[in-house]
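Colleague: sequence-free structure coming up:
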């Protein structure tokens, strides 16, 4: 059974940092692109960042570019999201996602086949 489990969320003041982790089990995603999405209350799920299978290509939403960094450790089957200079508008449930066997980054939810349950990130002003 494939599982993606996020951790690292929490409450932080504006300007602070958090590092999210997404550990995969049940299969290896070393040949798959992975991504992070977020959903705030009353809003649709939106793309945050994505990384190719090798880690050589990354892509970010304009709203987080320069503040967030996505990375992966294929040996640990884990993807990370380092979030710096957090703002109240970053408050959301953050979910990681993986593509079945596609190495290329993607920004739409329909391109991803596996999803985690999410971790709450709350940024206070």
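Modeller: Cool, got the structure. Since we're looking at a predicted model, the values are computed, not measured.

Colleague: with adjacent residues omitted, what lies nearest to the residue most central in space within the chain?
Modeller: In the chain, the centroid-proximal residue (C-alpha atoms, centre = their mean) is residue 36; its distance is 2.3 Å. With C-beta to C-beta, 6 or more residues apart in numbering as the criterion, residue 36 has its nearest non-adjacent residue at 4.3 Å, and that residue is residue 48. Using the backbone N, CA and C atoms, a C-beta is placed for each residue, glycine as well.

Colleague: from the contact counts, what lies against the host helix or strand of the one you found?
Modeller: Following DSSP states H and E, the helix or strand that holds residue 48 is strand 46-51. Applying 3 or more C-beta pairs under 8 Å, 6 or more residues apart in numbering; DSSP states H and E, we find strand 46-51 packed against strand 34-39, strand 58-60, strand 68-73, strand 78-83.

Colleague: hey, what's the residue nearest to the centre of the chain bridged with?
Modeller: Note on residue 36: beta-bridge partners by DSSP bridges are residue 49, residue 96.

Colleague: need the pLDDT of it.
Modeller: With respect to pLDDT, residue 36 has a value of 98.

Colleague: got it, and residue 106?
Modeller: pLDDT, read off for residue 106, is 93.

Colleague: may I have the residues that are in contact with it?
Modeller: Contacts for residue 106 (C-beta atoms under 8 Å, 6 or more residues apart in numbering) come out as 33, 35, 50, 99, 112.

Colleague: ditto for residue 24
Modeller: Per C-beta under 8 Å, 6+ apart, neighbours of residue 24: 2-5, 77-79, 98, 114.
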